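**Student:** Only the shape, not the letters, is given here:
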């Protein structure tokens, strides 16, 4: 009997950007997830979450790390390059 890969959560992640991070946000928490879709799903479940980042780069501290972020009211986040995140 062959093992099946776990199904990805059905979520609407909106615009997904490669190698981009937003400064000017409040970090809520971080955890390990195995896909950006899982990270996005965690953000959707957290009422304060307005943005997320996921570590796609392998074999370092960023691997599979999901960062949930709260947007500050009245603050426009600044784009910053961060290699290895989605």
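**Tutor:** Cool, the structure landed. All figures in this text were calculated on a predicted structure; none of them were measured in a lab. Numbering: from 1, shown residues only.
**Student:** alpha carbons only for contacts and neighbour counts from here, please
**Tutor:** Will do.
**Student:** Strands along the protein, start to end?
**Tutor:** Ranges of strands within the chain are 20-23, 25-32, 51-54, 65-71, 78-81, based on DSSP state E.
**Student:** For the last one, give the mean pLDDT please.
**Tutor:** Averaged across strand 78-81, pLDDT comes to 76.
**Student:** helices or strands next to it in the packing?
**Tutor:** When contacts are defined as 3 or more Cα pairs under 8 Å, 6 or more residues apart in numbering; DSSP states H and E, strand 78-81 sits against strand 20-23.
**Student:** So, low pLDDT: which residues of this protein?
**Tutor:** Along the chain, segments meeting pLDDT under 70 span 1-11.
**Student:** residue closest to the middle of it?
**Tutor:** The chain has residue 53 as the residue nearest its centroid, 2.9 Å off, counting by Cα atoms, centre = their mean.
**Student:** distance of that one from residue 60?
**Tutor:** Applying Cα to Cα, to the nearest Å, the value for residue 53 to residue 60 is 16 Å.
**Student:** Equivalent analysis for residue 14, please.
**Tutor:** Per Cα to Cα, residue 14 is found 27 Å from residue 60.
**Student:** thinking again about what came up before, just say which of the strands of the chain is most tucked in.
**Tutor:** Comparing those by mean neighbour count (mean count of other Cα atoms under 10 Å), strand 51-54 ranks first with a mean of 25.
**Student:** what's it packed up against?
**Tutor:** helix 36-45, strand 65-71.
**Student:** Using a markdown table, lay out these together with distance to residue 29.
**Tutor:** As requested, the helices and strands packed on strand 51-54 are exported to a markdown table (distance: least, Cα to Cα, whole Å):
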| stretch | distance to residue 29 |
| --- | --- |
| helix 36-45 | 10 |
| strand 65-71 | 6 |
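**Student:** Name the nearest residue to the residue nearest to the centre of the chain, sequence neighbours excluded.
**Tutor:** residue 67 (5.1 Å; Cα to Cα, 6 or more residues apart in numbering).
**Student:** Beta-bridge partners for the one you found, please?
**Tutor:** With DSSP bridges as the criterion, residue 67 is bridged to residue 30, residue 53.
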